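*Asks:* pasted the sequence and its predicted model underneath.
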Amino acid sequence: ILAGGEGRRLRPMTCDTPKALLRVGGQPILAHMLDWLAEQGVDEAVVVTRYQREQLENWCAAHPSPLPVRCAAAEEAWRSLAEEEMVLLVGGDIVTDLALPALLACHRTAGDAVTAVLCRRREGHGVPAAAGSNGRLLTIGEPAETAGLALAGICAVSPSRIPGSAAAESGIAGLLASLLRAEEPVRAYETEAFCFDIDTPADFLACQKALLAGECRRFHPTSDRPAGHYTVLPPVWIGRHVQLGEGVKLGPFAVLEDGCCVEAGAVVRGSTVGVNACVGEEATLSGAILCHGATVKRGAALYEGTVAGCGSIVGEGATLCDGVRLWPGKTVNSRLRLTHDLRFGNGRPVLFEETGLSGEDVELTAAFCAQLGTAFGSAALSGAADNARGKVAVATAGGPAAVLGAALKAGLIETGCRVWDFGDCIGPQFDYLVRSGSMSCGIYIGDGAASGIRLVGADGCPAPRALERETEARLASGEFVRASRHTWREPMQVP
């Protein structure tokens with residue numbers, strides 16, 4: 001069982017958990033695999049470890065197995081199996097109900113060094129593969145896209161006949177690619193059995209859905225039904241000790257792992273809620289993955305393909321847009337609309353430092369400046385500025401900065417602010433003009449990427465932190481003030 005990979009495409013799910021221990025259908029992938037191997041008469045399982053090695057070793061030691069299991073590094077495993085007549089190689093992220101006797105008989109009869117299992121390819125899932133009319137594997141990867149088949153992540157191998165260079169390759173796809181490059185014959189064994197290779201979060205959710213739909217013949221889940229008043233739209237799987245609040249709506253294709261909590265009025269559909277995770281009141285999970293110990297607070301929403309890592313927190317009313325991944329332990333601030341993966345910080349970008357917003361930290365484009373103008377104008381109108389509400393000064397250092405200034409003014413005008421355009425000037429001069437002109441606040445664009453953008457308060461000094469933070473929050477969340485077009489006014493040109 002090749003369980004040593006880092007599972008990088010599955011992150012953040014695998015940041016703290018080896019992919020073989022990810023839970024599908026109520027138990028770790030490795031548990032499914034050991035049960036299947038025992039049912040098929042396999043004598044012994046060797047779990048090849050590297051990434052998160054101790055977790056795998058501890059799990060194998062703590063959980064009774066239906067067959068003898070030992071853990072080993074890749075080289076040690078190859079050496080110990082070199083004299084075996086036949087070895088089954090299985091990826092550490094495979095869920096299957098394949099009947100092994102026919103595969104092993106095919107391998108013995110064909111006499112090739114490797115027999116690779118090919119299954120029906122699901123759209124968007126699995127490594128494409130193509131077989132020839134002679135029963136040999138022709139190619140894998142992009143050249144096989146139209147063949148309708150995929151690598152199942154399972155191979156029967158005669159260890160003594162595999163070249164050392166091929167044996168050193170990582171993973172089954174790497175082994176097969178090495179053999180094909182060396183023009184070594186590889187037998188293709190096509191099957192209609194359920195074979196699912198979990199390589200991405202999308203694969204993970206698709207596998208959960210397939211299991212709940214009954215596609216795997218050996219998967220017969222027993223689901224709890226906690227007491228309470230809630231709605232279930234099958235298929236749904238509910239683990240042990242799950243707490244469900246009043247009016248919760250589950251399904252279809254919802255998986256609630258052991259010890260999780262879904263509070264009143266929350267909706268969970270097409271999603272997985274991990275062990276001891278919590279979904280707050282009126283929150284929505286749609287096509288999302290909530291890892292173990294993660295929390296989604298009241299009114300928050302996670303949409304298609306989003307993943308909240310172990311112990312992460314999605315704040316009240318926050319939104320994770322399609323495909324966003326939140327790394328373990330990270331927090332998304334309340335009411336924030338997160339459109340990008342969050343590995344560091346709390347999701348709210350701190351753009352304005354002591355010297356303003358630097359073009360070295362953010363790409364200063366016309367599109368960005370237009371949004372910044374709308375965010376700044378919205379913040380000024382909200383009362384975050386000191387006085388002369390909505391009277392905003394703008395100036396630039398000239399040159400390319402003037403183009404950015406034009407976009408900035410357009411954004412300000414859209415909010416209904418009264419824009420006073422002081423044209424081109426130097427920074428200290430602009431600060432004086434803001435103060436002497438009784439402006440609510442001002443915004444100045446310097447020359448050069450490093451000079452960036454400064455927010456100025458009514459007193460001509462750097463803008464109050466409250467105004468900067470309010471601008472940043474609105475820029476991140478997209479909560480802008482929009483004035484009707486008939487109220488828009490041309491900037492007041494100040495000579």
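*Replies:* Thanks, I have the structure now. Please read these numbers as outputs of a predicted model, since none were measured by experiment. Numbering: from 1, shown residues only.
*Asks:* which stretches of the stretch 151-300 of the chain form strands?
*Replies:* 186-191, 195-197, 231-232, 236-238, 243-244, 249-250, 254-256, 261-262, 267-269, 272-273, 278-279, 284-286, 289-290, 295-296 (DSSP state E, counting those that start in this stretch).
*Asks:* packing partners of the fifth one?
*Replies:* Strand 243-244 is packed against strand 261-262, with contacts defined by 3 or more C-beta pairs under 8 Å, 6 or more residues apart in numbering; DSSP states H and E. (Glycine included, C-beta is placed from N, CA and C.)
*Asks:* which residues touch the strand it packs on?
*Replies:* Contacts to strand 261-262, defined as C-beta atoms under 8 Å, 6 or more residues apart in numbering, come from residues V242, Q243, L244, G245, V248, L250, L256, V268, V273, A277, C278, V279.
*Asks:* format those residues as CSV; extra columns: pLDDT, neighbour count and distance to S223.
*Replies:* Converted to CSV, the contacts of strand 261-262 look like this (pLDDT from 0 to 100; neighbours: other C-beta atoms under 10 Å; distance: C-beta to C-beta, whole Å):
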residue, pLDDT, neighbour count, distance to S223
V242, 95, 19, 10
Q243, 95, 15, 15
L244, 96, 25, 13
G245, 96, 18, 18
V248, 97, 23, 15
L250, 96, 24, 11
L256, 97, 30, 9
V268, 98, 28, 14
V273, 97, 30, 14
A277, 97, 25, 17
C278, 97, 20, 20
V279, 97, 31, 18
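*Asks:* what is the nearest of those to L98?
*Replies:* Taking C-beta to C-beta as the measure, L98 lies nearest L256 of the contacts of strand 261-262, at 28.5 Å.
*Asks:* in the sheet, which residues pair with that closest one? Tell me.
*Replies:* Applying DSSP bridges to L256 gives these bridge partners: I238, V273.
*Asks:* tell me how far it lies from S312.
*Replies:* Remark: distance between L256 and S312 (C-beta to C-beta, to the nearest Å) = 18 Å.
*Asks:* kindly report the same for Y230.
*Replies:* Remark: distance between Y230 and S312 (C-beta to C-beta) = 25 Å.
*Asks:* tell me where the stretch 1-150 of the chain has helices.
*Replies:* 29-39, 53-62, 74-81, 100-110 (DSSP state H, counting those that start in this stretch).
*Asks:* so what's the gap between the shortest one and the chain middle?
*Replies:* By that I understand helix 74-81. Relative to its parent chain, helix 74-81 has a centroid offset of 34 Å by C-alpha atoms, centre = their mean, to the nearest Å.
*Asks:* now swap in the last one and tell me
*Replies:* The gap between the average C-alpha position of helix 100-110 and the chain average comes to 39 Å, counting by C-alpha atoms, centre = their mean.
*Asks:* any idea how far the residue nearest to E6 when sequence neighbours are not counted is from D197?
*Replies:* Nearest non-adjacent residue to E6, counting by C-beta to C-beta, 6 or more residues apart in numbering: Y51, 4.6 Å away. As judged by C-beta to C-beta, Y51 and D197 stand 17 Å apart.
*Asks:* so between the two, which is more surrounded?
*Replies:* Neighbours per residue, other C-beta atoms under 10 Å: of Y51 and D197, the larger number sits with D197, 24 against 17.
*Asks:* looking at strand pairing, list the partners for the more buried one.
*Replies:* Beta-bridge pairing for D197 (DSSP bridges): I94.
*Asks:* show me the contacts for the spatially closest residue to S80 that is not a sequence neighbour.
*Replies:* Using C-beta to C-beta, 6+ apart and skipping residues adjacent in sequence, the residue nearest S80 is A72, 6.7 Å away. Residues in contact with A72 (C-beta under 8 Å, 6+ apart) are V46, V47, V48, T49, S80.
*Asks:* any of those buried? List them.
*Replies:* Neighbour counting over the contacts of A72 (16 or more other C-beta atoms under 10 Å) leaves V46, V47, V48, T49 as the buried ones.
*Asks:* got any ranges where the stretch 351-495 of the chain has weak pLDDT?
*Replies:* The model of the stretch 351-495 of the chain has pLDDT under 70 over residues 353-354, 358-362, 383-389, 448-451.
*Asks:* G427 is in contact with D447, isn't it?
*Replies:* No. In this structure, G427 is not within contact of D447 by C-beta atoms under 8 Å, at 10.0 Å.
*Asks:* shared neighbours, those two?
*Replies:* Among the neighbours of G427, those also in contact with D447 (C-beta under 8 Å, 6+ apart) are A397.
*Asks:* if we can go back for a sec, right, and the helices of the stretch 1-150 of the chain - which one's nearest E215?
*Replies:* Of the helices of the stretch 1-150 of the chain, the one closest to E215 (C-beta to C-beta) turns out to be helix 29-39, at 13.7 Å.
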